[in-house]
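Undergrad: Sharing a model prediction with you, sequence too.
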Amino acid sequence: MANLVESLVSIVIAGELAAIGLLGATGLIGYAKVTAAHVQLVQTAKQSRYDAIVNYGEVRSVAIFTGEKAAIAECLSGVCGAKIPLPSGVNIKSTFRGIDAKVAGKAGSNVATLISWSSETNSGIGGSYGQHGTITFSHPWTRKKFCLVRGGAHGNLGEVVIKQDKECK
């Protein structure tokens, strides 16, 4: 009888340790997916802003496609290139304008959101019409989130600010 009790206690302890390990592992996976999506967006955004500055007079944009198959694509004059998929399960919330709209949060924002740069604006290099907003990346397996903020208190010079966790509103 003592052998049976010892075995049951061992099984219960092993089960609890496995559950704790699984929770930690899923949180780590979620964190890694959010971080990967964040890096993809920031690098693509920096490159397209640089392209807008170097190719004076051309508008460069980054389209962030939402839904089940989240992806990023660089666009030039409204024509987007190949979609680069983001890690699965990443939730994206954006206040930037929709791909088919001239105003933030309007037509097409449920399909894709667009962050644009322009070489020549009244605000200087990098500013672009209707381009103040925030895009937030999160994952249900972790509380970690990142957001890219442009405009507002940060001006309209095309600069972006990266915030984390509670700073994302």
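TA: Sure, I can see it. Residues are numbered from 1 along each chain as shown.
Undergrad: Skip ahead from the one helix or strand in the chain whose mean pLDDT sits lowest and say which helix or strand is next.
TA: Of all helical and strand segments in the chain, the minimum by mean pLDDT, DSSP states H and E falls on strand 112-117, at a mean of 75. Proceeding N to C from strand 112-117, the next assigned helix or strand is strand 133-139, under DSSP states H and E.
Undergrad: picking up where we left off before, residues of the least confident helix or strand of the chain that come out buried?
TA: Using 16 or more other C-beta atoms under 10 Å as the test for burial, strand 112-117 gives Ala112, Thr113, Leu114, Ile115, Ser116, Trp117. Glycine gets a C-beta too; all of them are placed from N, C-alpha and C.
Undergrad: mind listing the strands for this protein?
TA: 60-65, 71-76, 79-80, 84-85, 91-94, 112-117, 133-139, 142-150, 160-164 (DSSP state E).
Undergrad: For Thr26, find the nearest of those.
TA: strand 142-150 (8.1 Å; C-beta to C-beta).
Undergrad: Could you please name the strands the closest one pairs with and the direction of each pair?
TA: Strands that pair with strand 142-150, judged by DSSP bridges, come out as strand 133-139 (antiparallel), strand 160-164 (antiparallel).
Undergrad: buried set for it?
TA: By neighbour count with 16+ other C-beta under 10 Å, strand 142-150 contains the buried residues Thr142, Lys144, Lys145, Phe146, Cys147, Leu148, Val149, Arg150.
Undergrad: Out of the residues you listed, which comes closest to Phe65?
TA: Nearest to Phe65 among these, with distances taken as C-beta to C-beta, is Leu148, at 15.7 Å.
Undergrad: Tell me how far the residue positioned nearest the centre of the chain lies from Ile13.
TA: What sits nearest the mean C-alpha location of the chain, by C-alpha atoms, centre = their mean, is Phe137, with 4.0 Å. The gap separating Phe137 from Ile13 is 37 Å, by C-beta to C-beta, to the nearest Å.
Undergrad: Looking at Gly126 now. What's its pLDDT?
TA: What the model reports as pLDDT for Gly126 is 54.
Undergrad: rank the strands of the chain by pLDDT, which is bottom?
TA: Looking at these, the bottom one is strand 112-117 with a mean of 75.
Undergrad: Just give me how far stretch 52-69 sits from the chain centre.
TA: Distance of stretch 52-69 from the chain centroid (C-alpha atoms, centre = their mean, to the nearest Å) equals 14 Å.
Undergrad: right, and the strands of the chain - which one's nearest Gly27?
TA: Nearest to Gly27, of the strands of the chain and by C-beta to C-beta, is strand 142-150 at 5.0 Å.
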